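A.B. asks: coordinates only, sequence not included:
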């Protein structure tokens, strides 16, 4: 049995645009998840498939769904990898906008190629209703329902906090590596990326992501077993305190530290402390401190 429906590419575009416009108005994470599944697992691959093979012989419904799903997973993974290396990171809005933009751009290209090959855009297309296609679509719907049910029943594990350190440029490199001391005071610092500064304070960026309830955190710096001061926003303090984060909230801040004596392979411990005094996370760097005149440890 054949029926006439709106061009599938137009359906994809309309759904994608409505999802982008309405996702922030949906309070439930579960509903967002269910509504977003087609955009993650079907639409990008389908649009790209039609753009690549517009005007060529049609595949069967099952083949198109299978290939579109495989391509969508690959496309979304590549977009996620690219986003992870940007200042936005992998979060809802950037991921949603970029995947939606990719899907719509691919569908526009597919529609243009379709119009060039057939002399115009097919606003309505014939859809051959076959039992095999119905079973596949039913399986997809049931899978979405099952994922939604599993998500509603999911109980998160133990709350935790991500704690990370970056170099002053905001990358996982370029950390302070060599300090040069003169008359008991640091006067010059060499970083692992070759940068050199005439400063007393070795600079790093610390980040916290709270995956639990609202929690106040503190940060301590210990070098060779001895707690040292922290320079933060031009203020020297014993420890950086009162960093209160809401659930899923993120904090980043640049701090400075300075060793107190000459010696190689000094261990710099960066400690994340919860309000009850327990250590939630720790990071370590190793630095050399040399005499500024002789360059010897």
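C.D. replies: Alright, I've got the coordinates. A quick note: this is a predicted structure, and the numbers were derived from the prediction, not measured.

A.B. asks: any chance you could map the helices in this protein?
C.D. replies: Assigned by DSSP state H, the helices in the chain fall at 8-22, 29-41, 43-52, 61-84, 92-118, 131-153.

A.B. asks: Just want the angle from the fourth one to helix 29-41.
C.D. replies: It stands for helix 61-84. 110 degrees (axes from the mean of the first three to the mean of the last three C-alpha atoms, to 10 degrees).

A.B. asks: i'd like the first residue to be 29 from this point on
C.D. replies: Taking 29 as the first residue, the last one we looked at is helix 89-112.

A.B. asks: re earlier: out of the helices of the chain, flag the one nearest residue 232.
C.D. replies: helix 89-112 (20.3 Å; C-beta to C-beta). Bear in mind the C-beta positions are built from the backbone N, C-alpha and C, glycine included.

A.B. asks: Turn the helices of the chain into CSV, columns for distance to residue 296 and mean neighbour count.
C.D. replies: As requested, the helices of the chain are exported to CSV (distance: least, C-beta to C-beta, whole Å; neighbours: other C-beta atoms under 10 Å):
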stretch, distance to residue 296, mean neighbour count
helix 36-50, 45, 16
helix 57-69, 39, 16
helix 71-80, 44, 23
helix 89-112, 26, 16
helix 120-146, 33, 17
helix 159-181, 41, 12
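
A.B. asks: I'd like those as TSV, with mean pLDDT and distance to residue 238 appended.
C.D. replies: Shown next, in TSV, are the helices of the chain (pLDDT from 0 to 100; distance: least, C-beta to C-beta, whole Å):
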stretch	mean pLDDT	distance to residue 238
helix 36-50	86	28
helix 57-69	77	17
helix 71-80	88	32
helix 89-112	84	19
helix 120-146	86	17
helix 159-181	59	21
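
A.B. asks: out of those helices, which comes closest to residue 221?
C.D. replies: Using C-beta to C-beta and comparing those, the one that lies nearest residue 221 is helix 89-112, at 20.5 Å.

A.B. asks: Give the other helices and strands that that closest one contacts.
C.D. replies: Here helix 89-112 touches helix 57-69, helix 71-80, helix 120-146, helix 159-181, going by 3 or more C-beta pairs under 8 Å, 6 or more residues apart in numbering; DSSP states H and E.

A.B. asks: What helices and strands are in contact with the second one?
C.D. replies: Going back to what we said before, that points to helix 71-80. Going by 3+ C-beta pairs under 8 Å, 6+ apart, helix 71-80 lies up against helix 36-50, helix 89-112, helix 120-146.

A.B. asks: hmm, 6 Å instead?
C.D. replies: Using 3 or more C-beta pairs under 6 Å, 6 or more residues apart in numbering; DSSP states H and E as the contact definition, the elements that helix 71-80 packs against are helix 89-112, helix 120-146.

A.B. asks: Give me the residues contacting that helix.
C.D. replies: 40, 95, 96, 99, 100, 103, 130, 131, 134, 135, 137, 138 (C-beta atoms under 6 Å, 6 or more residues apart in numbering).
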